[in-house]
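> Just a sequence and a predicted model for now, questions to come.
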Amino acid sequence: MTTDAAYDQIRSTRGPTKRCSACATDHPVEQFAFKSVAAGKLHSRCRAAQRDYNARWYEQNRETHQPRAGTTRTERVQTLHALIDGWLTGRTCPCGSRDRLVAVGTAGCSLKTMVKNGANEKDISDELEIATVRCRSCSWNASA
C-alpha cells in the first residue's frame, strides 16, 4: 500500500486530523509520519514537533552522540566489507580473471556501493546468495 492510500484510509476511518501528543494541536494526518504503513499506524508527534524534539535531543547529547555514530558507521562498513571480501575469496570472474573482483547484486550495482548507501547486514547477506562476480573490467564494460 502506498503512503497516499494509507493516509486516505486513515482519513476515512479516523477523520482528517490527529492530535499531536507534543504540541497538543490537531493537524492533518499527513503531518504525521508512519510507524507502520501496513498497519496504518502514525507516530504520536507531528513532524514539526518530532523535528524540534530531535534537534533538542541532539543539542543535549552531541558530545556523546557524534563519536558513537561515527564509530558505529565505520564498524558497520568494515564488517560488511569484510563479509563481501570473504565471499569473493577464491572466486573467479567469468572472463577468468581473479584480480580486482566485484560482487554485483541484483540491481546491477556493487554490493560495496550498497553498503556505502546504507544497506544493512541482512540486505547484503541476501544479495550474496544470488550475487554474481565480475572483475572491474567486466563490471565497467557491462555498465557502459
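Great, that's in hand.

> mind listing the helices for this protein?
Here the chain has its helices, by DSSP state H, at 3-14, 47-88, 111-116, 121-130, 136-143.

> what's the most buried one of those helices?
Among the helices of the chain, ranked by average contacts under mean count of other Cβ atoms under 10 Å, first place goes to helix 111-116 (a mean of 18). Quick note: C-beta positions are derived from backbone N, CA and C, even for glycine.

> hang on, the earlier thing: now render the helices of the chain as TSV, adding distance to C95 and mean pLDDT.
Listed next are the helices of the chain as TSV, based on distance: least, Cβ to Cβ, whole Å; pLDDT from 0 to 100:
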stretch	distance to C95	mean pLDDT
helix 3-14	44	93
helix 47-88	15	91
helix 111-116	19	94
helix 121-130	20	94
helix 136-143	5	70
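
> Let's have the ones you listed in CSV, adding distance to G105.
Output for these, formatted as CSV (distance: least, Cβ to Cβ, whole Å):
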stretch, distance to G105
helix 3-14, 26
helix 47-88, 10
helix 111-116, 5
helix 121-130, 4
helix 136-143, 12
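
> Can you say which of these is nearest to C20?
Minimum separation from C20 across those (Cβ to Cβ) falls at helix 47-88, 5.3 Å.

> That closest one packs against which elements?
Judged by 3 or more Cβ pairs under 8 Å, 6 or more residues apart in numbering; DSSP states H and E, helix 47-88 is in contact with strand 101-104, helix 111-116, helix 121-130.
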